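Novice: A structural model of the following input is requested.
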Amino acid sequence: MSERLDDLERRIDALRREIRRAVRARENVLARSLRAELRRAEQAWDQALADDEAPGGDPAPGSLLPIREQVHQALTLLGVPAAARVVVAVHTALRAGSLRGSQLTSLRRDEERSFRGAPFTRPYYLCAALTDRLSASRGLLAVSTWPLERRVIGPLSPRVDFLTTAIRVAEHVERSAGAGGHAPPGARRLLARLAHNIPGAGGGPRTRGLPPVDVLTPAGPFGEGFDGPEPADVVRAARAELEVHAAADAAARAEIAGRARERLADAELLFGGATLRVATA
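Specialist: Below is the predicted model:
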């Protein structure tokens with residue numbers, strides 16, 4: 001990590017302490033000014049990290065957009081909680097971005113520190129999905145502005161969210177083709193891997209028992225020149241299966257969200273509560 005990153009991290013920590021003091025002292029004008037400076041420092045940290053990780057020390061292509069905003073774009077496109085490697089795969093295939101999994105490792109922890117230091121000062125936070133025990137779901141990222149019912153995970157939610165991901169990717173590919181161009185080959189390959197795990201989607205026989213995210217790995221029968229399934233077929237097959245699971249999943253999520261609202265404070269609603277305390281309450 002470069003000295004520039006170290007300096008920025010120290011500045012960010014100092015600004016958060018100053019913001020807390022200004023808020024407690026009700027110095028609202030000073031607090032607003034410090035928050036604006038904090039946002040600039042955080043954006044500079046994102047840019048410095050991207051520059052540091054690029055081969056040869058050169059800025060990575062497309063890295064002018066801060067990392068958290070690239071992740072926010074991918075999650076907004078999906079509309080459901082997703083693991084870091086799914087976010088990277090989707091962003092790379094659909095946005096031609098330069099995200100790396102290593103860049104997301106500490107992102108949620110940084111978001112939580114920012115929220116606890118100065119709550120609700122950002123338009124959105126990259127937060128955790130919550131399990132039925134009201135703890136943070138390991139590795140799943142969500143967006144704080146989503147309804148709580150979308151940010152919690154019930155027994156059927158992984159499958160429901162996978163099907164939703166397939167629909168969103170298929171619709172994006174279809175829009176790209178319909179705009180007079182051609183969807184990038186990476187987007188077609190991603191759609192083929194998703195379709196491979198949906199019966200009737202035209203992606204080949206489904207491997208039962210395979211975790212949905214595994215179809216996003218590079219391995220597979222979809223090489224160069226493979227057109228893949230038609231987006232409309234993927235959407236139709238995914239929606240047909242969604243009809244089977246949607247009601248039960250929505251009911252489970254509503255129950256979990258209700259318990260979360262009753263038991264958790266603001267920060268815990270975004271980043272998870274203490275598992276044992278909630279589970280034995």
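Novice: before we move on, what SS does the nearest residue to residue 39 once chain neighbours are set aside have?
Specialist: Counting by Cβ to Cβ, 6 or more residues apart in numbering, the nearest residue to residue 39 once its immediate chain neighbours are dropped is residue 122, at 7.7 Å. Yep, even glycine has a C-beta here, placed from its N, CA and C like the rest. Look at residue 122: counting by DSSP: H, G, I helix; E, B strand; the rest coil, its state is coil.
Novice: residue contacts, residue 122?
Specialist: Contacts for residue 122 were tallied using Cβ atoms under 8 Å, 6 or more residues apart in numbering; they are 39, 114-115.
Novice: tell me the pLDDT of it.
Specialist: Listed pLDDT for residue 122 reads 88.
Novice: mind checking how far it is from residue 235?
Specialist: Distance, residue 122 to residue 235, by Cβ to Cβ, to the nearest Å: 34 Å.
Novice: equivalent analysis for residue 129, please.
Specialist: 24 Å.
Novice: quick one, which of the two is more surrounded?
Specialist: residue 129 (23 against 20; other Cβ atoms under 10 Å).
Novice: which element follows the helix or strand that contains the more buried one toward the C-terminus?
Specialist: Residue 129 is located in strand 126-130, with elements delineated by DSSP states H and E. Moving toward the C-terminus from strand 126-130, the next helix or strand (DSSP H and E) is strand 136-143.
Novice: helices or strands up against that following strand?
Specialist: Contacts defined by 3 or more Cβ pairs under 8 Å, 6 or more residues apart in numbering; DSSP states H and E place strand 136-143 against helix 67-78, strand 82-83, helix 84-95, strand 126-130, helix 148-151.
Novice: helix or strand with the lowest mean pLDDT in this structure?
Specialist: helix 275-279 (a mean of 42; mean pLDDT, DSSP states H and E).
Novice: hang on, the earlier thing: residue 229: which of the helices and strands packed on strand 136-143 is closest?
Specialist: Checking these against residue 229 by Cβ to Cβ gives helix 84-95 as the closest, at 14.8 Å.
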